[in-house]
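Undergrad: got a predicted structure plus its sequence, pasted below:
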Amino acid sequence: MKHIILALALFCPAAALAQGTTPAPADADKPAAATSQPMVGDKPLVQVGKKSAAKKGEKPAAPGKPQSVAQKLQACQDIDDATKERLICYDEIFKPQPKPKAAPAKGVNDCRFVKEEDERLTCYNGFADKIPRLPR
């Protein structure tokens, strides 16, 4: 019985000390940052999840549902009428490609060819006003 107690007294502290120590890096030329991450054997531990979502007090970003062109145009309608901001909003949806002599627009996509900004804004507004209100 005394031998078992003596063996436990010797082996338990040795096991606790062995868990707390880290082995010396095998390659002395590795940077310290590479050895500071958790390792499993000789491979780095794979961690799942975003680091930004793991920050304290932040919610993880929910993947947004992509909006249709009509929804984007209607979002531009919420900006004050006849302003530069509304034109910029439309131009982000359809990149302007001005032509010297643009044909009359048959669709909202054709408004990007109008050279004059005021005319282009009027063109976009005309088509955006005709879109039925979609649920958001």
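TA: Structure's in. What do you need?

Undergrad: CA only for contacts and neighbour counts going forward, please
TA: Noted.

Undergrad: quick one: low-confidence parts of this protein?
TA: Where the chain drops to pLDDT under 70, the residues are 14-35, 47-63, 134-136.

Undergrad: what are the ranges of the strands in it?
TA: Ranges of strands within the chain are 39-40, 43-44, based on DSSP state E.

Undergrad: make TSV from these and add mean neighbour count and distance to residue 13 to it.
TA: What follows is those, written out as TSV (neighbours: other C-alpha atoms under 10 Å; distance: least, C-alpha to C-alpha, whole Å):
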stretch	mean neighbour count	distance to residue 13
strand 39-40	10	24
strand 43-44	10	28
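
Undergrad: a markdown table for the ones you listed, including distance to residue 72?
TA: Shown next, in a markdown table, are the strands of the chain (distance: least, C-alpha to C-alpha, whole Å):
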| stretch | distance to residue 72 |
| --- | --- |
| strand 39-40 | 47 |
| strand 43-44 | 44 |
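
Undergrad: which one of those strands lies nearest to residue 121?
TA: Smallest distance to residue 121 across these (C-alpha to C-alpha): 55.2 Å, for strand 43-44.

Undergrad: show me what contacts residue 11?
TA: The contact partners of residue 11, by C-alpha atoms under 8 Å, 6 or more residues apart in numbering, come to none.

Undergrad: for it, give its distance to residue 4.
TA: 10 Å (C-alpha to C-alpha, to the nearest Å).

Undergrad: kindly report the same for residue 90.
TA: From residue 90 to residue 4 the distance is 82 Å (C-alpha to C-alpha).

Undergrad: who's more crowded, the two?
TA: residue 90 (26 against 9; other C-alpha atoms under 10 Å).

Undergrad: list the residues that contact that one.
TA: Taking C-alpha under 8 Å, 6+ apart as the contact definition, residue 90 lies against 73, 76, 121, 124.

Undergrad: equivalent analysis for residue 79, please.
TA: So residue 79 contacts 85, 86 (C-alpha under 8 Å, 6+ apart).

Undergrad: quick one: which of the contacts of residue 90 is most hemmed in?
TA: residue 124 (26 neighbours).
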